[in-house]
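Trainee: Quick check, what structure comes out for this input:
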Amino acid sequence: MSAPELLKAYSDADKALKDFRAANEAVFKEFDRICYVKDKAEENLKDEVAITKIPLSNQTHDVIVHDQTLTVADIETIDRLIAAGKIPADLRAEIVRNVDRPPYIAVREKKLD
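Mentor: Model (predicted):
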């Protein structure tokens with residue numbers, strides 16, 4: 001399919017979803033309420049476990065704690081060290097790199113007047 005055909009398929013699916021949701025409004029309101037309660041409970045649980053770092057378990061769920069690290073380099077510090085002669089300038093290109101990432105694509109509904 002071409003991009004315009006894919007956009008039409010997306011728009012048609014979006015309309016079908018909105019129409020179905022409107023036709024079943026009461027069910028979706030309750031679904032949204034339950035999802036909110038669940039999401040808030042998960043957020044509170046994760047916040048507490050982030051503080052205690054103690055894994056939990058019950059009959060239906062496990063809460064696992066994975067410590068994570070992030071390795072960073074301070075480009076301004078590297079540039080200061082180069083300027084001070086502590087790091088050869090030709091090494092900067094080996095130390096500092098830009099890495100291409102997938103493009104950010106947003107699909108937004110137009111606001112109709």
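
Trainee: which residues in the protein form helices?
Mentor: 3-23, 25-52, 75-83, 92-95 (DSSP state H).

Trainee: right, so of these, which gets closest to residue 63?
Mentor: With Cβ to Cβ as the measure, helix 25-52 is the member of those nearest residue 63 (5.4 Å). In this view, the C-beta of every residue, glycine as well, is placed from N, C-alpha and C.

Trainee: Against which helices or strands is the closest one packed?
Mentor: Counting contacts by 3 or more Cβ pairs under 8 Å, 6 or more residues apart in numbering; DSSP states H and E, helix 25-52 is packed against strand 62-63.

Trainee: can you give me the mean pLDDT across the strand it packs on?
Mentor: Mean pLDDT, strand 62-63: 96.

Trainee: which helices and strands does that strand pack with?
Mentor: helix 25-52, strand 56-57.

Trainee: List the contacts of that strand.
Mentor: Here strand 62-63 makes contact (Cβ atoms under 8 Å, 6 or more residues apart in numbering) with 45, 46, 49, 55, 56, 57.

Trainee: what do you get for stretch 66-78?
Mentor: Contacts with stretch 66-78, where a contact means Cβ under 8 Å, 6+ apart, come from 53, 87, 92, 95, 96.
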